[in-house]
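Q: Provide a 3D model corresponding to the input given below.
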Amino acid sequence: MANLNDFTFFVHVVDHHGFAPAARALNVPKSTLSKRVAELERNLGVRLINRTSRHFAVTETGKDFYRHAAAMMIEAEAAENVVRGRLAEPNGTVRITASVPTAQLSLAPILPQLALAYPKLRVTLHATDRFVDIIQEGFDLAVRDHFAPLPDSGLVQRRVGTQAKLIVASPLYLHRNGTPERPEDLDRHDGLLTSLASEGWMMERADGSTVSVSPKPRFVADESRVLREAALAGLGITTLPGKLCQQEIESGTLIRILPGWTAGKVVTTILMPHRRGQLPSVRATVDFIAERLVDG
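A: Have a look, this model is predicted:
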């Protein structure tokens, strides 16, 4: 089996995008890093990094190996934390992943406060709209905004908040087409929808009563910010999470229609591997986020 210390050297080289910066960060000679990574490649029988004096690039095999090696380092850190029992003050690195909209709307105001509250905590956020394998890619937790229930993935799930989806349109559209006074009126209006196959919206009132409506498809996008821009342009009526349109409603550039009704809710859930949730740093992070993402 290859020397596990070489796994660590390799991860640092990739994280720092080169041997020289990794050598400075680790305070070891560059030649030592180069030698150890070369020895790792020899033991594995594959090329992990293509490097010349001017070029540094991780191979596809190297990228796959990196994900597992990085996860190994995190597990080693977790084992050390448990043995040392560092319960007095959360510290160490917490790795979070979220979609770009969730990062911008929900986490951007919270994570700097988290870092200030726990000075020994290092917070790293990876915002991406691609599928992320939390375990394989070494994340401590993921924050997900979703409409439908999440599938059973074997991960710990903690629901930390909900926000209502509001029905909105621009003043220009309402001036041209009139303002719906009942949910049923939406059937004759232009709808900005998430899918052509969408059957419309299930409207819900505070007393629990519901009405299904089917506006005419005028514009389709599976991204809420695009639908918001389409609504601002006067194309039709859409439904948006409250956080995504609150400023526009307050400024008057969007009008909330049928204020006694909503079109369902967006649920925010934190997912994490079982072992990660036992770490004091992860527990503190999850609790901090949950306290601030209140239902709305």
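
Q: so which bits of the worst-scoring helix or strand of the chain on mean pLDDT are buried?
A: Among the helices and strands of the chain, helix 60-84 carries the lowest confidence by mean pLDDT, DSSP states H and E, at a mean of 81. By neighbour count on 16 or more other CB atoms under 10 Å, the buried set for helix 60-84 is 62, 65-66, 69-71, 73-74, 78, 81. Every residue, glycine included, has its C-beta placed from N, CA and C.

Q: that helix packs against which elements?
A: helix 4-15, strand 92-98 (3 or more CB pairs under 8 Å, 6 or more residues apart in numbering; DSSP states H and E).

Q: ok so, going back, can you put the buried residues of helix 60-84 in TSV and add distance to P149?
A: What follows is those, written out as TSV (distance: CB to CB, whole Å):
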residue	distance to P149
G62	37
F65	35
Y66	33
A69	34
A70	30
A71	27
M73	33
I74	28
A78	29
N81	32
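
Q: which one of the residues you listed is nearest to D133?
A: A71 (9.7 Å; CB to CB).

Q: still on that earlier bit, of the buried residues of helix 60-84, closest to L150?
A: For the buried residues of helix 60-84, the nearest to L150 is A71 (21.7 Å; CB to CB).

Q: would you list the phi and psi of the nearest residue to that closest one once chain neighbours are set aside?
A: In space, A71 comes closest to G138 once its chain neighbours are excluded; the distance is 4.0 Å by CB to CB, 6 or more residues apart in numbering. The phi and psi values for G138, taken as degrees, to the nearest 10, are phi 80, psi 30.

Q: so what's G138 up against?
A: If you count contacts by CB atoms under 8 Å, 6 or more residues apart in numbering, G138 has them with 67, 70-71, 73-74, 95.

Q: what distance do you get for it to R283?
A: Shown here: G138 relative to R283, a distance of 18 Å by CB to CB, to the nearest Å.

Q: rewinding a little: weakest of the helices and strands packed on helix 60-84 by average pLDDT?
A: For the helices and strands packed on helix 60-84, mean pLDDT drops lowest on helix 4-15, to a mean of 89.

Q: does anything pack onto that one? Which helices or strands?
A: helix 19-26, helix 30-44, strand 49-51, helix 60-84.

Q: I am finished for the moment; much appreciated.
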